[in-house]
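heads up, no residue letters with this:
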Ligand SMILES: [Zn+2]
């Protein structure tokens, strides 16, 4: 095959990227999507966890996130419940965090990964991931109250500290706690209060996030928004704030703006509602607000395609150019590398291959990610 072959062109463009000497920071990865499918299966077998399917083939097919079994955020998130069940309890959480961080360091920067999870590209085609912010919802991993939430979190934190030590400072890592749009207020309240507590105790909890299906609680109700704002206050000033907001049409620009004003995030995951309003109705309020407040957009290209938030890779060119036009900075992450079978390098390679991003845009995103990470040091 000649050099016009798309994969080859993307990989070659990756080689032209100027990668920071300190490596690349990935800001947006979920624990539920960062443990390879075969490891989840083995853990389920090991612990005797009941699965919704009979064979490994069916399990692998079910968990692998593709356009044909996703298509909407709700369907994309459906199988997270399976991963969360398997990752429940202190021991399983510890193991999952170790696998996720090792995986990012070992293969996160490889543009292709073999079925067993090993990098199959030479080192010079890889992006050296040297810092990872890993997010998860401990409340969805306590077996509906079987396990103590503090012990679940302590296990996750201890895994982060072990990795920091094992990698001799070559991999920085921290945890972010996701509140759930699909959780009752009381459960989110417990989580938010604990985040403040854990951060005060010096645990490696660096951020708070809001995640889950947007349609289950879009926060268009002012009362619910006010409640959520209280929870973000409870989490305290020591943690960075990010939210998933506006990936789907469940959140219009009105709600996007009120949510950002109330929750005051430093970064927003998939803030597509702001773009849609501008493109479709010439309504720039969301984009202007992000620009005024210097809010960074956390972008996850493949996951946006899988949830149907974006139709084609090529549409990303318009996404990036619009953010540039409004002087809004952005970073790239994988969201759920193991379940999407992607890596940061493969996704960036694809953007470059389709001319959906320029080298300059990608290089700026690396610089932005390093500057706006919630990790210290
Ligand atoms: Zn996400």
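Cool, the structure landed. Model, not experiment: these values are computed from the prediction. Numbers count the residues shown, from 1 in each chain.

give me phi/psi at residue 331?
Torsion angles at residue 331 (phi, psi; degrees, to the nearest 10) stand at phi -130, psi 160.

nearest spatial neighbour of it, skipping sequence neighbours?
Spatially, and ignoring its direct neighbours in sequence, residue 331 is nearest to residue 369 (4.0 Å; C-beta to C-beta, 6 or more residues apart in numbering). All C-beta atoms are positioned from the backbone trio N, CA, C, and that covers glycine.

the one you found and residue 24: what is the separation?
7 Å (C-beta to C-beta, to the nearest Å).

just residue 261 next, same as before
Taken as C-beta to C-beta, the span from residue 261 to residue 24 is 32 Å.

count the neighbours of the residue nearest to residue 331 for me.
Using other C-beta atoms under 10 Å, residue 369 is surrounded by 25 other residues.

show me what contacts it?
24-27, 331-332 (C-beta atoms under 8 Å, 6 or more residues apart in numbering).

one more time with 10 Å, if that's ok
Taking C-beta atoms under 10 Å, 6 or more residues apart in numbering as the contact definition, residue 369 lies against 20, 24-28, 131, 133, 267, 296, 298, 329-333.

now swap in residue 189 and tell me
179, 183, 227, 230-231, 234 are the contacts of residue 189 under C-beta under 10 Å, 6+ apart.

and these, which is closest to residue 216?
residue 183 (9.1 Å; C-beta to C-beta).

coming back round to it: can you tell me which of the contacts of residue 189 are buried?
179, 183, 227, 231, 234 (16 or more other C-beta atoms under 10 Å).

just flag the most distant two among these.
183 and 234 (14.5 Å).

the strands in the protein, which residues?
In the chain, the strands defined using DSSP state E lie at 24-30, 129-136, 172-180, 205-211, 240-244, 267-269, 296-299, 330-332.

now those in JSON lines, with distance to residue 278?
As requested, these are exported to JSON lines (distance: least, C-beta to C-beta, whole Å):
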{"stretch": "strand 24-30", "distance to residue 278": "22"}
{"stretch": "strand 129-136", "distance to residue 278": "28"}
{"stretch": "strand 172-180", "distance to residue 278": "28"}
{"stretch": "strand 205-211", "distance to residue 278": "23"}
{"stretch": "strand 240-244", "distance to residue 278": "19"}
{"stretch": "strand 267-269", "distance to residue 278": "15"}
{"stretch": "strand 296-299", "distance to residue 278": "13"}
{"stretch": "strand 330-332", "distance to residue 278": "15"}
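
any low-confidence regions in the stretch 51-200 of the chain?
The model of the stretch 51-200 of the chain has pLDDT under 70 over residues 107-125.

80 instead, please
Residues of the stretch 51-200 of the chain meeting the criterion pLDDT under 80: 106-126.

residue 355 is in contact with residue 13, isn't it?
Yes: look at residue 355 against residue 13 with C-beta atoms under 10 Å: they come within range, at 9.3 Å.

what about these two, which has more around it?
The neighbour comparison of residue 355 against residue 13 (other C-beta under 10 Å) goes to residue 13, with 19 against 13.

state the distance from residue 145 to residue 88.
With distances taken as C-beta to C-beta, residue 145 is found 11 Å from residue 88.

who has more neighbours out of those two?
Higher neighbour count among residue 145 and residue 88: residue 88, with 22 against 8, using other C-beta under 10 Å.

would you confirm that the more buried one contacts residue 149?
No: contact criterion C-beta under 10 Å: residue 88 and residue 149 do not qualify, at 11.4 Å.

OK, contacts around residue 88?
Per C-beta under 10 Å, 6+ apart, neighbours of residue 88: 47, 49, 96, 138, 140-144, 146-147, 152.

so which of these comes closest to residue 208?
So of those, ranked by how close each gets to residue 208 (C-beta to C-beta), first place is residue 138, at 11.9 Å.

can you give me the helices for the stretch 51-200 of the chain?
Remark: helices assigned in the stretch 51-200 of the chain by DSSP state H, counting those that start in this stretch are 56-63, 73-78, 80-86, 90-107, 149-166, 185-200.

and what of the stretch 201-350 of the chain?
Secondary structure of the stretch 201-350 of the chain by DSSP H, counting those that start in this stretch: the helices cover 222-234, 253-263, 272-281, 285-293, 301-306, 316-325, 337-340, 344-353.

any chance of TSV for those, columns distance to residue 66?
Formatted as TSV, the helices of the stretch 201-350 of the chain follow (distance: least, C-beta to C-beta, whole Å):
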stretch	distance to residue 66
helix 222-234	32
helix 253-263	28
helix 272-281	20
helix 285-293	30
helix 301-306	7
helix 316-325	19
helix 337-340	8
helix 344-353	15
